[in-house]
Structures are given as C-alpha cells and as structure tokens.
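Student: below are the sequence and a predicted model for it; my questions follow.
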Amino acid sequence: QKEPGSALHIHQSILSVQSGQNIFNDPDQQPTPELMHYIAGLQRYTPDLISFYAPNVNSYRRLAPDIAAPINLSWGYDNRTTAFRVPDSTPINRRVENRFPGADANPYLAIAASLASGLLGLEQKLQPTEPHQGTANDDNVEVARSLEEAVRRLNANNDLSRVIDSQFLRAYAAVKLDEFEEFNRVISSWEREHLLLQV
C-alpha cells in the first residue's frame, strides 16, 4: 500500500532483414524517422491496448500520479518519468522502452501489443509529440484508470484487427469485462471501514 507497483518494462529495437542493422539508427549514428514513427504508434495505440499491459482490476492502482509508473503518453530521451523512454546507449543499441506493462501482464500479450502499436505507427508514418523535458508522471492522466474503461477503449478501436486477430480481441475483451463485473460485485474492506462510518 502506498508503494509503487512492480513493472515489466519492454525494450524494443528492430533489425532490418536485409542489412541486419538497427532501423532506429542511421548511418550517421543518429535517430531515424522510423524511430519517431514507432514511438508515435505507441503513443497512438497504447490507450486502446492498455488492458494488455494492465490486465487485472488491481493493475490500475499502479497507474497513479506521482508514483514511478507512467500515467500519460509522453516520451523522452533517458527520462524515466515518461511512458516511452529512449535509453542512453550506444547508437547501435538505440531502442524504445515501453514502461506501461506491470509485472502482472502476460509477457507474450504485452510484447505483441507493443509491437503491434509500433508497426501501425511505422505503416501510417505517424509523428510523435516533442520529447518531454522534466518530470512527466505528475501531469494529466491520459490512460484508463479501470479495467472497464480499458476494455471499452479496446472494443472501440477498429485499426487493431489489422494486426491482432479480431476474434481474439473480442474474446479477450469479453473475459476482462466479465472479470471486472465479478470484481464490482464485491464490497471492499475500504468501503466497509470508510463509508460505514460516514453513513
């Protein structure tokens, strides 16, 4: 309680099939447009895929302001308060860290969701925001604060079925919504202790 939750951060880079080189690094050892498109894809699609990174009702307690976890879609260079961090590294090892997934995430689904977001960003040549300077995780919350809200965002997105099987998405959403409704029927100890004294 009142402690940051454990995380499952995902570090991603992409090697070209033809050259074997990191596509996030150009011949002059500078960040490439592909890196920017990839980050922009993460920014665009993470709100709709947050249930893959925070898959349980309890997961959303971690995504709170002024704690170590991200709460918005900012990115930055070696900034550990942003959602998407480009760590300080040698150019050949340039990568993006997705800091949203919690330790309770299924690693296969979380990695698939992160790669799908980046792929859509590359395909659509999306552009990211400017890199964030300073502290980012005390700003406005830009992602779902509950599993129910996360599932509704997932159901509302039509682009994702191009890269993730639509039947799987529907089944996943149905299971998670059922879990939320089951949780919602349970009265918590906080409600008993706090509200009972106020009535």
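Tutor: Looks like it arrived, so ask away.

Student: what helices or strands is the top helix by length along the chain leaning on?
Tutor: Criterion DSSP state H: the longest helix present in the chain is helix 33-53. Where contact means 3 or more CB pairs under 8 Å, 6 or more residues apart in numbering; DSSP states H and E, helix 33-53 is packed against strand 75-77, strand 84-86, strand 96-98, helix 107-124, helix 147-156, helix 166-184. (Each C-beta comes from the backbone N, C-alpha and C, glycine too.)

Student: ok, and for stretch 8-24, which residues are buried?
Tutor: Residues of stretch 8-24 classed as buried by neighbour count (16 or more other CB atoms under 10 Å): Leu8, Ile10, Gln12, Ser13, Ile14, Asn22, Ile23, Phe24.

Student: check stretch 59-74 too.
Tutor: Ser59, Tyr60, Arg62, Leu63, Ala64, Ile67, Ala69, Pro70, Ile71, Asn72, Leu73, Ser74.

Student: coming back round to it: and the helices and strands packed on helix 33-53, which is most packed in?
Tutor: Greatest average neighbour count among these goes to strand 84-86 (a mean of 25), per mean count of other CB atoms under 10 Å.

Student: quick one: residues in contact with that strand.
Tutor: 31, 35, 39, 42-43, 73-79, 94-99, 131 (CB atoms under 8 Å, 6 or more residues apart in numbering).

Student: ok, it: who's next to it in the sheet?
Tutor: Applying DSSP bridges, strand 84-86 is found paired with strand 75-77 (parallel), strand 96-98 (antiparallel).

Student: mean confidence for the first one?
Tutor: The reference is to strand 75-77. The average pLDDT for strand 75-77 rounds to 96.

Student: distance check, Val96 against Leu49.
Tutor: 15 Å (CB to CB, to the nearest Å).

Student: also Asn140?
Tutor: 19 Å.

Student: compare these two (neighbour count), which wins?
Tutor: Leu49 (26 against 7; other CB atoms under 10 Å).

Student: run through the residues that contact the closest residue to the more buried one other than its chain neighbours.
Tutor: Closest residue in space to Leu49, ignoring its immediate chain neighbours: Ala113 at 4.3 Å, by CB to CB, 6 or more residues apart in numbering. Neighbouring residues of Ala113 by CB under 8 Å, 6+ apart: Leu49, Phe52, Tyr53, Ile164.
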